[in-house]
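K.L.:
I would like to see how this sequence folds:
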Amino acid sequence: MAGRTRKEKSWKLAEKGGHQAAVLIDRSSLEVFLRDQGFDVLSYSQPWRSVHAVLTRRNRYFFFKLASTESIGRNLENEVAFNRVFNRYAKRSDVGREVRAPRCLEVSEWCGCRYYVAEYFEPNPLATFVPADSKGLRGRIDLLVDLFWVLFEMRRASLWGLYPKQSRSGLYELFVAQTEERLGCVRKKYLRLANELFSRLNLSESEFVSGFSHGDLTPWHIFRNGDGAVVIDGEHGSSARILFFDLAYFCYRTATCLGRFDVARGLLRGFYQRLNREDRDLFELLLPQVLVVQAINSLADLSTFPDQKPLEKFHQRFVAEVLDRKLLKGL
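P.N.:
Alright, predicted model coming up:
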């Protein structure tokens, strides 16, 4: 195929590990194509599965993303759909600040690879992967509460690009199967803790509630934009996950990657205080269960990814605080 090499780049990615193999895109061929479309390429990188580039044309800046394989292309198309759905609902919200996703201006294909051209936002994340870079997070809790409130308001939004639309029974079975799959990734060293967590899962099918989710919402996937926020990388967006998934996942990643348990507790407290009585009942039913799933996910990540080993103390603390419900105390 013209425009990209046949050789897979050695990022140590494997289908069996849950990651999609990536193909190294031929940069010179792609840049020729972009110039033929009238763009100048200001920056270019392929950090993993996709090419990222900043383009300019007629004094306007754009973000370009190209998927390196067909399967990654399906994720890219799902990201485009997530952005469209999220923006449609976010416009109706009354949170008092702009919360949005980048608007995709063009979606097409080059040499069998799907790509989009979108609005460009200065990369100004709430925090990066570096704990020292998270000092300002506590001052952004009100912004985070507004963002998660918008997601809660759109809980009935429809996005089925990754999973087929199905009944509550089917979604509940998916929830259980995915949790068991993560449990199976836990090393023997952590298995006692993982089994204790799994024993805490007592949500019945009749109690299960699904909702719209981003799927990978972290501080580094949220850009500051004035007093508002821009949500990026919604390629895992779906309506198939349990309600409050994003909220629990954000707390998990903020705690285990950055050690910011104070931010996690502050976010949960601020969000809970905004709920009415009926929604608080739903929160009290579901959120502890979703946190348990994320604690299992924590042990699975610690077992699977070597780069998590230096963060073991944060993972262990997160599991302990989920088991004794410390993250939820004081709500």
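K.L.:
in the chain, what residue sits furthest out from the centroid?
P.N.:
Within the chain, the residue lying farthest from the chain centre (CA atoms, centre = their mean) is Asp36, at 33.7 Å.
K.L.:
helices and strands around the longest helix along the chain, which ones?
P.N.:
Determined from DSSP state H, the single longest helix within the chain is helix 277-304. Counting contacts by 3 or more CB pairs under 8 Å, 6 or more residues apart in numbering; DSSP states H and E, helix 277-304 is packed against helix 168-183, helix 191-199, helix 245-258, helix 261-274, helix 312-323. (Glycine included, C-beta is placed from N, CA and C.)
K.L.:
where along the stretch 1-150 of the chain do the helices fall?
P.N.:
Remark: helices assigned in the stretch 1-150 of the chain by DSSP state H, counting those that start in this stretch are 27-36, 70-90, 141-153.
K.L.:
one step back: looking at the helices and strands packed on helix 277-304, which is closest to Val130?
P.N.:
Closest to Val130 of the helices and strands packed on helix 277-304 is helix 245-258 (CB to CB; 8.1 Å).
K.L.:
got the angle between the closest one and helix 141-153?
P.N.:
150 degrees (axes from the mean of the first three to the mean of the last three CA atoms, to 10 degrees).
K.L.:
which other residues reach helix 245-258?
P.N.:
For helix 245-258, the surrounding residues in contact (CB atoms under 8 Å, 6 or more residues apart in numbering) are 127, 129, 131, 134, 137, 144, 148, 151, 211, 213-219, 260-261, 263-264, 267-268, 271, 287, 290-291, 293-295, 297-298, 301, 308, 311, 314-315, 317-318, 321, 327.
K.L.:
for the residue lying closest to Leu171 once chain neighbours are set aside, give the beta-bridge partners.
P.N.:
The shortest distance from Leu171 to any non-neighbouring residue, by CB to CB, 6 or more residues apart in numbering, is to Ser210 (4.9 Å). For Ser210, the beta-bridge partners are Ile242 (DSSP bridges).
K.L.:
quick one, grab the pLDDT at Gly17.
P.N.:
Predicted confidence (pLDDT) for Gly17: 45.
K.L.:
grab the nearest non-local neighbour of Phe33.
P.N.:
Nearest to Phe33 is Trp110, by CB to CB, 6+ apart, at 5.6 Å.
K.L.:
now do Thr128
P.N.:
Nearest one to Thr128, counting by CB to CB, 6+ apart, is Trp220 at 5.5 Å.
K.L.:
surely that neighbour touches Leu126?
P.N.:
Yes. Between Trp220 and Leu126 there is a contact under CB atoms under 8 Å: 7.5 Å.
K.L.:
more neighbours: which of the two?
P.N.:
Shown here are Trp220 and Leu126; by other CB atoms under 10 Å, Leu126 has more neighbours (23 against 20).
K.L.:
for the spatially closest residue to that one that is not a sequence neighbour, give its distance to Ala127.
P.N.:
Among residues not flanking Leu126 along the chain, Pro219 sits closest, at 4.1 Å (CB to CB, 6+ apart). Going from Pro219 to Ala127 by CB to CB, to the nearest Å gives 4 Å.
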